[in-house]
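> Have a look at this prediction, sequence included:
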Amino acid sequence: MALTLSDFAQSLTVETAFSVLAVAKQLKAEGKDVVELEVGDSPFDSTASAKSTGIEAIQNNQSHYCASPGIPEFRKAAADFVSREFNVDAKPENIVVGPGAKVFEQFFCEAFLNPGDGVLVFSPYFPTYLPNIQRRGARMVLSDLKQSNEFRPDLADIKKFLAEDPSPKAIFLNSPHNPTGGVIPEEDLKAIADLIRGKNIAVFSDEPYCHMVWQGKHHSILAQPGMMDQCVSAYTFSKSYSMSGWRLGFCVASEAVATSIGKMVNTTLSCTPPIVQLAGAAALNCDSVERDEVMLKFREKVVLLTNKLNAIENFHALDPHATFYVFVNVAPVCNQLGITSHGLALYLLEGADDDFGIACLGGECFGEAGQGFLRFSCAEPNDRLEQAIDFIPEALSRTDRIASYLESHPAARLKAPYPV
Ligand SMILES: Cc1ncc(COP(=O)(O)O)c(C=O)c1O
């Protein structure tokens, strides 16, 4: 009998950025010059203390199993960090370490969701939220973020979810937001906390871009009264400390929830490498000046990218609020050319030129509400960003190439115009 995969495995959707990355790398291997703006990685080196402490930890043979929730040095450094920087009243017992922030989506869902439970997610959304909700047989309920509202969550939709969903259980927040670059202002966090306080509602607060707020400063819902009892916040070293390949992040939760998530680490990963935890603790304790200097470089890149994209006819991006992404509305261009936004992204990579391409993502890679947008990250040097954006008007004017791309890629044809 043929071996069948589970229904879950067969329906699993993945982060498209990694699929586009594979195409970009293949084209580069074949000799094409590709500017890679698809993946949210840092072009900078990991910070100095992280590197030196990691090397030292290897030399000191810190190369064995350790406690599942984390080594004491790491848990203390992480608790001090969120207390100092985000005014969150955390102790080491509130911290669980993991290989990045993403894994806490799964552990949060395992901690709180039963089959059939409703989970409110703001769309566009980080693509791995859905498979992690589906792992538990729970239901994703969507609320659209709008460019006209600076991509702020609609509080009326939260009220509606709490009042009308047959089994409301959780809310996913992501501020600063990937892919839109939006921020949930402190007053909205307060209002959300007021809506859920004391109810059987858990919040996953995904905060990987906590140091990339370009207007004002970062706020976590965990700092709101009582929220430590109802929220799990996730942080990563991938963005702030340019440590994506080390795989390091942590979550902050009540002691009871942290103990439960520690059991999930125990039963899946066993532990996070102590070498990596020591490097991360050193980054938190010693590298904030270097980190903030690098953040300013990101800000400069985002401003450059936004200005250049807004200079293209019928492209419209908001002034940079946060993150290292620019989410630009290209709906009028898609409508005119009869191409989907992800079709346009792939055309810029594969079809617009034989020797040069730009890798970026269509907004629909982040859910239907992203249709009509392109997401650019700024993971390349500034001169390469400029070269890429300067090429776009030329690429859009090559109507013969667009026609033949649509001919050979019928899925890229736009079936009905996007709303403008
Ligand atoms: C919103 C969001 N959540 C989670 C992650 C995962 O980051 P990590 O590398 O820490 O797993 C990312 C990375 O791009 C992200 O953008």
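Thanks, I have the structure now. Numbering: from 1, shown residues only.

> any idea how far Val119 is from the ligand?
15 Å (C-beta to the nearest ligand atom, to the nearest Å). C-beta: built from backbone N, CA, C; applies to glycine.

> Write out the residues of the stretch 1-150 of the chain neighbouring the ligand.
Contact residues (C-beta under 6 Å from any ligand atom) of the stretch 1-150 of the chain with the ligand: Gly40, Gly100, Ala101, Lys102, Phe126.

> please redo it, this time with the cut-off set to 8 Å
Ala17, Gly40, Pro99, Gly100, Ala101, Lys102, Val103, Glu105, Phe126, Thr128 (C-beta under 8 Å from any ligand atom).

> Would you point out the most distant pair within the residues you listed?
Ala17 and Pro99 (18.0 Å; C-beta to C-beta).

> Could you give the number of residues near the residue nearest to Leu337 when sequence neighbours are not counted?
Using C-beta to C-beta, 6 or more residues apart in numbering and skipping residues adjacent in sequence, the residue nearest Leu337 is Ile402, 5.7 Å away. Look at Ile402: counted by other C-beta atoms under 10 Å, it has 21 neighbours.

> which residue is nearest the centroid of this protein?
Asn178 (4.5 Å; C-alpha atoms, centre = their mean).

> Looks to me like that residue is in a helix.
No: assignment of Asn178 by DSSP: H, G, I helix; E, B strand; the rest coil gives coil, placing it outside any helix.

> how near is it to His211?
14 Å (C-beta to C-beta, to the nearest Å).

> about what we covered before: more neighbours: Ala17 and Pro99, which one.
Ala17 (22 against 17).

> about what we covered before: for Gly362, see how far away the residue nearest to Leu337 is.
Ile402 is 15 Å from Gly362, by C-beta to C-beta.

> next one: Val302
Counting by C-beta to C-beta, the gap from Val302 to Gly362 is 20 Å.

> Now do stretch 301-321: distance to the chain's middle.
Here stretch 301-321 is found 20 Å from its chain centre; the criterion is C-alpha atoms, centre = their mean, to the nearest Å.

> ditto for stretch 267-279
22 Å.

> Then stretch 144-151?
With C-alpha atoms, centre = their mean, you get 17 Å for stretch 144-151.

> likewise stretch 337-349?
The answer for stretch 337-349 is 22 Å, by C-alpha atoms, centre = their mean.

> Only the buried residues of that stretch, if you could.
Buried residues in stretch 337-349, counted by 16 or more other C-beta atoms under 10 Å: Leu337, Ile339, Thr340, Ser341, His342, Gly343, Leu344, Ala345, Leu346, Tyr347, Leu348, Leu349.

> show me what contacts the first one?
The reference is to Leu337. Leu344, Leu396, Thr399, Ile402, Leu414 (C-beta atoms under 8 Å, 6 or more residues apart in numbering).
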